[in-house]
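> below are the sequence and a predicted model for it; my questions follow.
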Amino acid sequence: YGHVAPGTDSGKVFCMFYALLGIPLTLVTFQSLGERLNALVRCLLLGAKRCLGLRRPHVSTENMVVAGLLACAATLALGAATFSHFEGWSFFHAYYYCFITLTTIGFGDFVALQSEEALQRKPPYVAFSFLYILLGLTVIGAFLNLVVLRFLAASAEGPQRAARLAGSLHRAAPESHARPRRAAGGSICGSCRRIRQLERCARDNLGFSPPSSPVAVRGSKADRPRARSI
């Protein structure tokens, strides 16, 4: 909280080196404890759903977030009731102190165990404060981890949904393109056959071929009468 700080230069140097080593180890410890706590809560939720008669019980991330939120609220309420009793604070101020402490904000405006000889006169209260802070940091860390996982899952659902949509469109595209090609090919072939039939009919019945046909051009030149020379 800042109410206790090293006063000598050697103490400050030791504090810096100790923090460089202790902070990562503390974070790893709380991360491991939080994962085990989440696994325990998941097992409890699965057991509760089986007791309710669900055939295929499944614990989603939303269920874990709700359970973690309730666990955080219960932890803060328990600490607030205890500290308000021993420190003489109001329940709101004690709740505020627990929140500031467990979220590692640590303003220092409310600090427990600051009364005269509290460490010597109330050893059970000191032990409770120590264990409460450790357990509370674990619960809060586990809940924040669940919230982060939920946000990551929500952000990953968007690209996955877009990829599935693109895949379905890609699978449907060849079919939609193949059909018009077949239809267009059939219509072109039908038109060609119709044109040939018309040319044949014209040559057989009228002795005339369309001008666009090479046969028609040659036939028209051959059948044309030559002029007589006088």
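Looks like it came in fine.

> only C-alpha atoms for contact and neighbour calcs from this point on.
Fine.

> what about stretch 144-155, average pLDDT?
Averaged over stretch 144-155, pLDDT sits at 81.

> so the residue nearest to Tyr96 when sequence neighbours are not counted versus Ala67, what's the distance?
The shortest distance from Tyr96 to any residue other than its chain neighbours is 8.0 Å, reached at Ala80 (C-alpha to C-alpha, 6 or more residues apart in numbering). Ala80 sits 20 Å away from Ala67, going by C-alpha to C-alpha, to the nearest Å.

> what about those two, which has more around it?
For Ala80 and Ala67, the more surrounded residue by other C-alpha atoms under 10 Å is Ala80, and the numbers stand at 22 against 17.

> wait, doesn't the more buried one sit right on Thr101?
No. Contact criterion C-alpha atoms under 8 Å: Ala80 and Thr101 do not qualify, at 11.4 Å.

> residues in contact with stretch 110-128?
With contact meaning C-alpha atoms under 8 Å, 6 or more residues apart in numbering, stretch 110-128 is reached by 1, 83, 87, 93, 97.

> which one (most neighbours) among those residues?
The most crowded member of those, judged by other C-alpha under 10 Å, is Tyr97 (25 neighbours).

> which element is it on?
Secondary structure from DSSP states H and E places Tyr97 in helix 91-102.

> poorly predicted segments of the chain, please.
Applying pLDDT under 70 to the chain flags residues 1-3, 158-162, 165-167, 169-230.

> and with 80 instead?
1-4, 55, 115-120, 150, 153-230 (pLDDT under 80).

> just the helices in it please.
9-51, 61-87, 91-102, 118-121, 123-206, 214-223 (DSSP state H).

> now the first one and helix 61-87, what's the angle there?
Taking axes from the mean of the first three to the mean of the last three C-alpha atoms, to 10 degrees, helix 9-51 and helix 61-87 form an angle of 130 degrees between their directions.

> likewise for the third one?
Relative orientation of helix 91-102 and helix 61-87, computed by the same axes, to 10 degrees: 120 degrees.

> ok, residues contacting helix 91-102?
Helix 91-102 is contacted from outside by 76-77, 79-81, 83-84, 106-107, 110-111, 133, 136-137, 140, using C-alpha under 8 Å, 6+ apart.

> pull out the buried residues from that helix.
For helix 91-102, a neighbour-count test (16 or more other C-alpha atoms under 10 Å) marks 91, 94-95, 97-102 as buried.

> the second one now?
Of the residues in helix 61-87, those with enough neighbours to count as buried (16+ other C-alpha under 10 Å) are 64-65, 67-69, 71-72, 75-77, 79-84.

> can you check the shortest one too?
Along helix 118-121, no position meets the burial threshold by neighbour count (16+ other C-alpha under 10 Å).

> which ones are touching the residue lying closest to Gly34 once chain neighbours are set aside?
Distances taken as C-alpha to C-alpha, 6+ apart place Ala142 nearest to Gly34, at 4.4 Å, with adjacent residues excluded. By C-alpha under 8 Å, 6+ apart, Ala142 lies in contact with 31, 34-35, 37-38, 68.

> for PyMOL, write the select line for the buried members of these.
In PyMOL, a selection of the buried entries from the contacts of Ala142 looks like this (16+ other C-alpha under 10 Å):
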select buried, resi 31+34+35+37+38+68
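
> having no further points to raise, I will conclude here.
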